[in-house]
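> any chance you could fold what I've pasted below:
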Amino acid sequence: MLFSIIQSEWYKLRKSKIVSIIFAGPLIGLFIGLTSNNFMNVDVEINDWYKTLFSMNLTYALLFLPLITGVLAGLICRYEHQAGGWKQLLAMPVTRGKVFIAKYTLLMFIVFVIQLLYLGAIFIVGMVKGYTDPFPMEIVWKTILGGWIATFPLVALQLWMSIMWKSFAAPFTVNVVFTLPTILAVNSERFGPYYPWAQPFSMMYVDGQTDSVFFVPWEQVLTVIGGSFVLFFLVGFLYFQRKTV
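Got it, this is the predicted structure:
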């Protein structure tokens with residue numbers, strides 16, 4: 001039943017501009033990677049792949065990845081907010097809980113696909129620029145998986161807001177308002193580790209603690225990302241259970 005709901009949600013998404021949105025972030029990263037001059041000026045020799053990752057992640061993880069969660073969540077609820085879509089959906093033999101979980105699962109799968117395409121963009125940049133240094137597979141996969149895991153609470157929050165508000169612009173605006181201060185938050189040792197919108201960058205920051213899981217302490221992954229995910233997911237889940245349609 002859950003898989004059927006996910007298929008139905010994907011069918012509705014296919015009618016939107018989801019394909020262009022999926023490719024937007026990786027293409028932006030590709031453009032930045034090809035046009036950047038590897039601005040990390042240091043005295044020691046550094047693997048060229050690290051320099052490319054740093055320059056690409058600076059924009060991709062800091063701004064695009066948090067923002068795309070709001071766009072995707074808005075799109076997956078847009079159909080239901082039009083012409084009594086919620087009533088039509090919930091009139092079917094499905095539970096509200098399964099609908100919420102299906103929407104969330106599909107969103108996370110799409111974000112994972114975007115991350116894989118971004119991985120491809122990283123590799124293409126290196127090939128075009130003719131890097132001869134060994135490809136840091138472990139570091140790159142930490143970046144890709146870490147960025148994906150960091151979006152778990154953001155997607156849960158954006159899905160909740162997208163279900164709550166009919167306007168597509170309202171939840172997206174909230175997301176923008178909280179994403180922009182990320183530029184300041186990541187430079188703060190006091191607020192950065194606890195700011196949800198800063199977590200994608202922190203967990204994709206190749207200059208962080210490379211010996212730690214996803215470049216951040218394990219405690220931060222469990223408490224900040226895990227804790228905020230549980231909070232946002234449960235609040236959104238319970239809200240949808242009681243939402244009048």
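> among the helices and strands of this structure, which has the poorest mean pLDDT?
Ranking every helix and strand in the chain by mean pLDDT, DSSP states H and E puts helix 85-90 at the bottom, with a mean of 80.
> mind listing what's buried in that one?
In terms of neighbour count (16 or more other CB atoms under 10 Å), helix 85-90 has its buried residues at 86, 89. All C-beta spots, glycine's among them, are computed from the backbone N, C-alpha and C.
> now for it, which elements pack on it?
Under the contact definition 3 or more CB pairs under 8 Å, 6 or more residues apart in numbering; DSSP states H and E, helix 85-90 sits against helix 96-128.
> averaged pLDDT, the helix it packs on. What do you get?
Across helix 96-128, pLDDT averages out at 94.
> list the buried ones in that helix?
Counting neighbours by 16+ other CB under 10 Å, helix 96-128 gives 96, 99-104, 106-108, 110-112, 114-115, 117-119, 121-123, 125-126 as buried.
> now for the nearest residue to residue 160 once chain neighbours are set aside, how many residues are close by?
Nearest non-adjacent residue to residue 160, counting by CB to CB, 6 or more residues apart in numbering: residue 236, 3.0 Å away. Using other CB atoms under 10 Å, residue 236 has 24 neighbouring residues.
> quick one on the thing from earlier: what about the least confident helix or strand of the chain, distance to the chain center?
From the chain centre to the centre of helix 85-90 is a distance of 27 Å (CA atoms, centre = their mean, to the nearest Å).
> what about residue 192, distance to residue 230?
Applying CB to CB, to the nearest Å, the value for residue 192 to residue 230 is 21 Å.
> cool, thanks, talk later.
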